[in-house]
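Undergrad: Build the 3D model from these lines:
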Amino acid sequence: MSRQSLNAAFYRKSFIIPDGIDIADIKTVFCEKFHCAESPVHSLQRTFHDSFDWRIFDAGAAMEAESRAGGSTLNWRDLKSDAILGSASIEQAIRFSWNLPPGGLRERIEPLLEMRALLPLVRTRCKVHGLNVLNKDKKTVVRLAIEETRLAPTHKSRHNRLSSTLYVEPVKGYSEPFQQVLSVIEQQFALEPDKQGLALRVFAAAGLQPGGYSSRLNLQLTPDMRSDAAARAIMLRLLETMQANEPGLKTELDSEFLHDYRVAVRRSRSMLGQVKGVLPRAKQERFRREFSWLGEITSPTRDMDVYLLDFHAFKNSLPAPLKEAIVPFHDFLEKHQKIEHRRLVKQLASARYRKLIADWHACLTSPLPRHSSLPNALRPAIDVANERIWRMFRRVISEGESIQPDSPPEDLHELRKSCKKLRYLIEFFLSLYPRNHVKQSIYALKSLQDQLGEYQDLHVQLASMATIRAQMIAEGVASERMLVAFDLIMQTMDRRQEKVRKIFRTRFTAFADRKNRENFAKLFKPKL
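TA: Numbers count the residues shown, from 1 in each chain. Predicted coordinates for the structure are as follows:
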């Protein structure tokens with residue numbers, strides 16, 4: 001074996017032990033072949049974590065918390081190599097990445113998880129048999145461990161026992177004994193390498209599907225399918241997203257449950273407003289009103305969530321003597337976020353909400369009529385998609401070209417709404433178009449949309465901050481120093497808004513250039 005291939009193979013390896021092979025027999029064979037020292041059998045608990053949208057798994061890793069007599073450790077383990085890429089000692093369960101002590105693991109996962117909570121998914125109990133292979137100097141040259149793993153009794157699964165795993169870990173500088181141990185495993189026991197890894201085997205035993213949730217639509221529509229069938233598939237997927245996020249929204253596991261819920265609501269409203277003639281008019285109008293209501297009742301809680309997420313940025317923008325003066329603002333936000341959240345949960349338990357969801361589900365899952373008098377119902381999905389996307393693209397171009405340096409903020413807000421509708425339409429029908437070409441269009445649109453979104457958010461926040469300032473004074477929680485700090489934050493936001501406004505023309509010009517217009521026309525312009 002060459003040095004390069006040896007180095008590539010020189011890492012911990014794991015093997016599945018079939019039910020027919022006894023652990024005691026494995027220990028006996030190794031003790032006969034090598035000089036070994038057996039460690040006392042010990043127990044540990046291992047809890048596998050991920051965010052609700054599987055960000056750890058999507059990054060090719062597993063997050064496991066190991067608890068044993070000596071304490072607890074949170075490990076970031078690579079799914080492919082099984083190597084631990086980062087770890088941190090913990091004294092209690094970690095909910096958010098910022099709860100970790102500063103250092104390697106936090107720096108690795110904080111940009112990945114952002115505001116998402118680290119949720120405990122599966123708990124296991126393990127019995128570990130340790131065996132060290134020694135050289136003639138009684139120095140450890142290879143470490144072996146056999147783990148018997150069961151799902152914790154609290155987990156509802158008939159198959160709570162996993163196949164035992166043999167781990168073989170090399171010691172640096174002793175490649176030859178490592179290869180000798182591997183040869184014994186292959187020749188004496190013919191054990192199969194664990195190609196899945198413990199995390200994936202645990203998820204499978206627990207009935208979990210890694211990557212099973214995504215806020216993306218991930219639909220596979222076909223160009224010639226009926227438009228009413230395509231519209232139903234899109235809106236049913238959005239309803240599923242709402243329902244998937246509802247439990248986490250109610251229990252406030254993290255702020256992204258409400259965010260994803262609201263995005264699904266907005267997309268549903270956009271679909272109902274933009275793709276007409278696929279539902280009876282009375283139903284379409286009724287559900288548009290109801291989804292508008294959902295947007296209204298979820299807004300106050302989301303507003304408080306956004307301020308809380310931005311609080312550290314607010315605080316860091318202040319000079320050092322005023323940083324602590326703004327703490328009462330955080331207390332105010334937490335108090336009112338809880339008030340608004342309780343109101344929201346009450347609305348989601350109302351008869352009106354339950355009827356809306358039941359009626360909407362029934363509407364989307366009822367049998368499609370063979371014939372329809374609705375103008376777009378039987379048309380091919382590609383024709384309706386092209387028509388709607390092209391019309392909205394032309395509106396965005398027209399509205400953008402009419403905006404001047406002295407145009408009021410409301411004009412930019414209208415353009416932002418048109419951009420959002422265009423983005424949603426493209427995402428609804430994404431699977432009907434060449435993915436690489438559509439990505440170019442979305443990228444150009446997203447750059448403009450981000451600028452408009454930041455400008456509008458700042459515009460709304462400045463007005464809202466003025467209201468909050470007055471409310472804090474009325475509640476008697478605003479000291480003079482806090483008001484000074486608060487006003488400095490608003491001044492910073494105002495300057496940022498002016499800066500963002502100035503880059504509008506650059507962003508819009510890039511979006512409306514000849515190449516992008518040609519790409520949109522090639523993809524979406526209806527064929528005459």
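Undergrad: Tell me the strands beside the longest strand anywhere in the chain, with direction?
TA: Ranked by residue count, the top strand of the chain under DSSP state E comes out as strand 119-134. Its sheet considered, strand 119-134 pairs with strand 35-38 (antiparallel), strand 42-50 (antiparallel), strand 140-151 (antiparallel) by DSSP bridges.
Undergrad: Need the residues that contact the helix or strand just after the longest one.
TA: Downstream of strand 140-151, the next assigned helix or strand under DSSP states H and E is strand 164-170. Outside strand 164-170, the residues that touch it by CB atoms under 8 Å, 6 or more residues apart in numbering are 10-17, 23, 26, 142-149, 178, 181-182, 185, 191, 194, 198. For every residue, glycine as well, the C-beta is placed using N, CA and C.
Undergrad: go on, stretch 220-231?
TA: By CB under 8 Å, 6+ apart, stretch 220-231 touches 233-234, 271, 275, 277-279, 368, 372, 374, 376-385, 429, 431-432.
Undergrad: for stretch 492-503, same thing?
TA: So stretch 492-503 is contacted by Ser317, Leu412, Gln451, Glu454, Tyr455, Leu458, His459, Gln461, Leu462, Met465 (CB under 8 Å, 6+ apart).
Undergrad: For burial, what's the neighbour tally of the nearest residue to Arg395 once chain neighbours are set aside?
TA: Spatially, and ignoring its direct neighbours in sequence, Arg395 is nearest to Ser418 (5.3 Å; CB to CB, 6 or more residues apart in numbering). If you count neighbours by other CB atoms under 10 Å, Ser418 ends up with 20.
Undergrad: now do Ala485
TA: Neighbours around Ala485, by other CB under 10 Å: 25.
Undergrad: Pull the contacting residues for it.
TA: Residues in contact with Ala485 (CB under 8 Å, 6+ apart) are Leu318, Leu322, Lys323, Ala325, Ile326, Phe329.
Undergrad: need these in TSV with neighbour count, can you?
TA: Shown next, in TSV, are the contacts of Ala485 (neighbours: other CB atoms under 10 Å):
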residue	neighbour count
Leu318	18
Leu322	17
Lys323	14
Ala325	19
Ile326	20
Phe329	23
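Undergrad: Out of those residues, flag the one nearest to Lys136.
TA: Among those, Lys323 lies closest to Lys136 (CB to CB), at 62.3 Å.
Undergrad: Identify those among the contacts of Ala485 that sit within strands.
TA: Counting by DSSP E, none of the members of the contacts of Ala485 fall within strands.
Undergrad: Next step: those restricted to helices.
TA: By the criterion of DSSP state H, membership of the contacts of Ala485 in helices covers Phe329.
Undergrad: Can you add distance to Leu219 and pLDDT and give the contacts of Ala485 back as JSON lines?
TA: Converted to JSON lines, the contacts of Ala485 look like this (distance: CB to CB, whole Å; pLDDT from 0 to 100):
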{"residue": "Leu318", "distance to Leu219": "46", "pLDDT": "97"}
{"residue": "Leu322", "distance to Leu219": "50", "pLDDT": "96"}
{"residue": "Lys323", "distance to Leu219": "47", "pLDDT": "95"}
{"residue": "Ala325", "distance to Leu219": "50", "pLDDT": "95"}
{"residue": "Ile326", "distance to Leu219": "45", "pLDDT": "95"}
{"residue": "Phe329", "distance to Leu219": "42", "pLDDT": "96"}
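Undergrad: Indicate which one of the strands paired with strand 119-134 is closest to His437.
TA: Comparing the strands paired with strand 119-134 by their distance to His437 (CB to CB), the top pick is strand 42-50, with 33.3 Å.
Undergrad: after that closest one, next one along is what?
TA: Counting by DSSP H and E, what follows strand 42-50 is helix 55-58.
Undergrad: Which secondary structure elements does that next one sit against?
TA: Judged by 3 or more CB pairs under 8 Å, 6 or more residues apart in numbering; DSSP states H and E, the packing partners of helix 55-58 are strand 42-50, helix 104-113.
Undergrad: Please identify the buried residues of it?
TA: Buried positions in helix 55-58, judged by neighbour count with 16 or more other CB atoms under 10 Å: Arg55, Ile56, Phe57.
Undergrad: So what touches that helix?
TA: His49, Asp50, Ala62, Met63, Trp76, Leu79, Ile109, Leu112, Leu113, Arg116, Pro210, Gly211.
Undergrad: Go again with 6 Å.
TA: By CB atoms under 6 Å, 6 or more residues apart in numbering, the surrounding residues in contact with helix 55-58 are Asp50, Met63, Leu112, Leu113, Pro210, Gly211.
Undergrad: Next, count neighbours for the last one.
TA: Right, the one you point to is Gly211. Neighbour count of Gly211, defined by other CB under 10 Å: 11.
Undergrad: Let's see the pLDDT reported for it.
TA: Reported pLDDT at Gly211 in the predicted model: 92.
Undergrad: which residues does it contact?
TA: Listed by CB under 6 Å, 6+ apart, the contact set of Gly211 reads Trp54, Phe57.
Undergrad: so it, which of the three states?
TA: Per DSSP: H, G, I helix; E, B strand; the rest coil, the secondary structure class of Gly211 is coil.
Undergrad: The second one now?
TA: Here Met63 is recorded as strand under three-state DSSP.
Undergrad: How is the protein divided into domains?
TA: What automatic domain parsing lists as the domains of the chain is 10-205, 217-371, 380-528.
Undergrad: least reliable of the ones you listed going by mean pLDDT?
TA: Sorting those by mean pLDDT places domain 10-205 lowest, at a mean of 92.
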